[in-house]
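Student: A predicted structure for the sequence below; I have some questions about it.
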Amino acid sequence: MKIKGFIAGLLVLGTVVPASAQKGLTNTTQSPYAKMHSVDLSSVQWTKGFWAERFDVCKDTMLLNMWRIFDDPELSHAYRNFEIAAGLKEGEHKDPPFFDGDMYKWLEGVAAVYAITKNPELDKLMDKFIETIRLAQREDGYIHTATIVADKNNPGAKKGFEERLHFETYNMGHLMTAGCVHYRATGKRNLLDIAIKTTDFLYNFYKTATVELARSAICPSHYMGVVEMYRTTRDPKYLDLSKSLIDIRGMMENGTDDNQDRIPFRDQRVAMGHAVRANYLYAGVADVYLETGDQSLLECLNPIWHDVTHRKMYVTGGCGALYDGTSPDGTFYTPDSIQKVHQSYGRAYQLPQETAHNETCANIGNMLWNFRMLQLSGDPKYADIMELTYYNSILSGISLDGKKFLYTNPLSQTADFPYSLRWGDFRQEYITCFCCPPNTVRTIAEANSYAYATSEKGVYCNLYGGNTLNTKLADGSEISITQDTDYPWDGTIKLKIEKAPKKEYSVFMRIPEWADNATYTFGGKEFKATAGTYAEVKNKWKKGDEIVLNLPLRPRLIESNPLVEESRNQVAVMYGPMVYCMESVDLPKETSVYDVLIPSSINLKPRATTIDGSKVVLLDGTAKVVDKNEWDGKLYREIKTPAKDVNVSLVPYYAWGNRGNYDMSVWLRLGN
């Protein structure tokens, strides 16, 4: 069976000269349905505080440490696979087939850092890897080292797209994205030209592929990649391809909920299956909407977003509750068609803590999806989710020193747990499934690109941190802003205008949903700001004008919907955008985090300290604790022991596990 009616009749065009007017992480300046646009990769530079520190660790440690891992064939065969495919070395392909894509993610992160630092050593390192990719790529544009190496060693024995779980399109999608970012950061076409050949190959492949071959859309990063290639080159066949990729989902027999293709995408209204695959898909579909305005896509994305955000997302912004499960418990299909899913969304309100999967890549996918929803809507609720995931379930995936990683992000951890979970209990220097570490590194490298956006109306402040913004508007006029703040540890944010257009122009400041009683001062007057909105200050600006935004930070006790069984009668603690947790290292010896009761009237006080050289703010207070009684041989018992006072300190969730391997919990028992 051939795919007909979707890609038939597309124009096969030659390579077009890439558009270079905009050099942002995503180039939406010509996207007709974008309400706001990214600034250039180099437009925002962190100057002080939280994100400046994280960026410094990224450029000084994370990137080069990861290259050391990739370049050591005794540890990881990732780069050696490229060398063998390129004919530079001999040997067999080793390690997972998606390692190609992981190296492309790392390369994208290097390019993002280079856009800021212009470090010539990074440029040389990128060129070295890019040349190896070029030599490995087939003449027709196909690039996948597992297949190419196998074919070199045994010609004709292996063909592309033979195995659905070989992740070819996933790898290619990350190559496309890296090619666009590298081109915008360096002005060089060496990686972009490779990506163009690959995208052309994929276009030609989908013109003639059988439906079953078209199922090779595991972790569909290529949806985002193909659209970004269209934005970079303006080649219309790439946009047509991106639309067709959505149309063919659900057409094949034996589709799965795990891959979100058992039914057509336009029939889907809830999130299901593998959370990374799902969130990448939703982000890619949002990209297609930004270019086409196809309302049928929003009719799916909006209810799916509601399902995730209000029924299936963790308090940290994490996604994918289940290591393994069934989908969707027969809800939409006859019982005999229930399927196994893994690393997946579960039922509504099914949010276990100790066994939470929450793969870091899924959490990054959640941020990428919400970023695109923000661009297409201008609604700050999406920026709130971006901030939540960044500070909590993304940064938790890497140690403060930038050298150890988590694949999963549980909300509770104890040495008493009766069995070992698949991906280990604590951060590790190397994980055999290494997709999350480079994804985390590139996302930290690119955080500056999410801080601001622009439109014809004004400049939007989406993520706060000490920085400078220097950008041009669509009409060519320049705007420069200096932001001075110790956010997220302090809620005072000063925005100083250094350069501005002559016309009247607005500054939009995001007021998070949690920021009750927020205010800002301008021109000697104080104004109230409404939580969950953008506060707009419209003015004919001059150098030296200043806005001071005050987002009152206070410790907040959070409860979950009572339908979430696992956290019923428990509380979590937040301070600004930060979720906190308790670690046993901060409790008296032999005291379990599960023995602590948090009074509803607890008075928590912030205290600045450092962990592994990184500034953090702890929350100190007095809670209650019950005596630790032995549970051996018992499943239930009568409560007899009265609670006693105990001094506690809570640590930001992203920083847990950086002082040793101790028990931890986000959700804590409520009691007086």
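Tutor: Thanks, I have it. Keep in mind that what you see is a predicted model, and the values were worked out from it rather than measured.
Student: which sections of the stretch 301-450 of the chain are below the confidence cut-off?
Tutor: When residues are selected by pLDDT under 70, those of the stretch 301-450 of the chain lie in 328-336, 422-424.
Student: Tell me where it has helices.
Tutor: If you assign secondary structure with DSSP state H, counting those that start in this stretch, the helices in the stretch 301-450 of the chain sit at 360-377, 380-388, 436-445.
Student: and among the ones you listed, the most buried is which?
Tutor: helix 436-445 (a mean of 28; mean count of other Cβ atoms under 10 Å). Bear in mind the C-beta positions are built from the backbone N, C-alpha and C, glycine included.
Student: Quick check: next helix or strand after that one?
Tutor: Downstream of helix 436-445, the next assigned helix or strand under DSSP states H and E is strand 452-454.
Student: Mind checking the helices of the stretch 301-450 of the chain for the one nearest to residue 538?
Tutor: Each of the helices of the stretch 301-450 of the chain was checked against residue 538 via Cβ to Cβ, and the shortest separation belongs to helix 380-388, namely 17.2 Å.
Student: For the protein, which residue occupies the most central location?
Tutor: The residue at the geometric middle of the chain, judged as the C-alpha nearest the mean C-alpha position with Cα atoms, centre = their mean, is residue 364 (1.5 Å).
Student: if I pick that one, what's in contact with it?
Tutor: The contact partners of residue 364, by Cβ atoms under 8 Å, 6 or more residues apart in numbering, come to 389, 394, 439-440, 443.
Student: Mind doing that once more with 7 Å?
Tutor: Residue 364 makes contacts with 394, 439, 443, as judged by Cβ atoms under 7 Å, 6 or more residues apart in numbering.
Student: One more: residue 197?
Tutor: So, once contact is read as Cβ under 7 Å, 6+ apart, residue 197 ends up touching 137, 141.
Student: Just the buried positions in the helix or strand encompassing it, please.
Tutor: Here residue 197 is covered by helix 190-208, with elements defined by DSSP H and E. Buried residues in helix 190-208, defined by neighbour count with 16 or more other Cβ atoms under 10 Å: 190-207.
Student: likewise stretch 530-538?
Tutor: Counting neighbours by 16+ other Cβ under 10 Å, one finds that the buried residues in stretch 530-538 are 533-535, 537.
Student: picking up where we left off before, what pLDDT, on average, does the helix holding residue 197 get?
Tutor: Along helix 190-208, the predicted local confidence has a mean pLDDT of 93.
Student: Likewise for stretch 248-255?
Tutor: Stretch 248-255 comes out with an average pLDDT of 75.
Student: And stretch 455-464, by the same measure?
Tutor: Summarised as a single mean, pLDDT over stretch 455-464 is 96.
Student: And stretch 221-231, by the same measure?
Tutor: 96.
Student: now stretch 76-91
Tutor: When pLDDT is averaged over stretch 76-91, the result is 96.
Student: contacts for that stretch?
Tutor: 69-71, 73, 93-95, 99, 102-103, 132-133, 135-136, 145, 148-149, 430, 434.
Student: Now which of the residues you listed would you call buried?
Tutor: 69-71, 73, 93, 95, 99, 102-103, 132-133, 136, 145, 148-149, 434.
Student: Who are the contact partners of residue 257?
Tutor: By Cβ under 7 Å, 6+ apart, the contact list for residue 257 reads 272-273, 327-328, 339, 341.
Student: ugh, typo on my part, it should be residue 489
Tutor: Each residue near residue 489 by Cβ under 7 Å, 6+ apart is listed here: 608, 617.
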